[in-house]
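Q: Dropping the sequence and predicted coords here.
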Amino acid sequence: MDVKESKVLEVLKDAKKPLKTADVANGAGLDTKDVSKIISKLKKEGLVTSPKRCYYTAS
């Protein structure tokens, strides 16, 4: 896992509620497109879930 993935996961773990991609990007200081790709990868690995469309949380 690289630094960007760790940042995204940390932001999701610290959040008290599911977040949108833009919220994660703001919290991690990353570009929204990068965050979208990272979230997709982390979902495949089972580290991130989507409780409802376009919202994400750490598993």
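A: Cool, got the structure.
Q: what ranges do the helices span in the protein?
A: Assigned by DSSP state H, the chain shows helices spanning 3-14, 21-28, 32-44.
Q: In a markdown table, list those helices along with mean neighbour count, mean pLDDT and distance to Thr57.
A: Glycine gets a C-beta too; all of them are placed from N, C-alpha and C. Output for those, formatted as a markdown table (neighbours: other C-beta atoms under 10 Å; pLDDT from 0 to 100; distance: least, C-beta to C-beta, whole Å):
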| stretch | mean neighbour count | mean pLDDT | distance to Thr57 |
| --- | --- | --- | --- |
| helix 3-14 | 17 | 97 | 6 |
| helix 21-28 | 18 | 97 | 10 |
| helix 32-44 | 16 | 97 | 11 |
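Q: Output the ones you listed in JSON lines, with distance to Cys54 appended to each entry.
A: Listed next are the helices of the chain as JSON lines, based on distance: least, C-beta to C-beta, whole Å:
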{"stretch": "helix 3-14", "distance to Cys54": "14"}
{"stretch": "helix 21-28", "distance to Cys54": "7"}
{"stretch": "helix 32-44", "distance to Cys54": "10"}
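Q: Could I get the contacting residues of Gly29?
A: Lys7 (C-beta atoms under 8 Å, 6 or more residues apart in numbering).
Q: How much space separates it from Glu45?
A: From Gly29 over to Glu45 the distance is 22 Å, taken as C-beta to C-beta, to the nearest Å.
Q: repeat for Val3
A: 16 Å.
Q: do Met1 as well
A: 9 Å.
Q: next one: Lys13
A: Lys13 is 15 Å from Glu45, by C-beta to C-beta.
Q: What of Tyr55?
A: 18 Å.
Q: Equivalent analysis for Arg53, please.
A: 20 Å.
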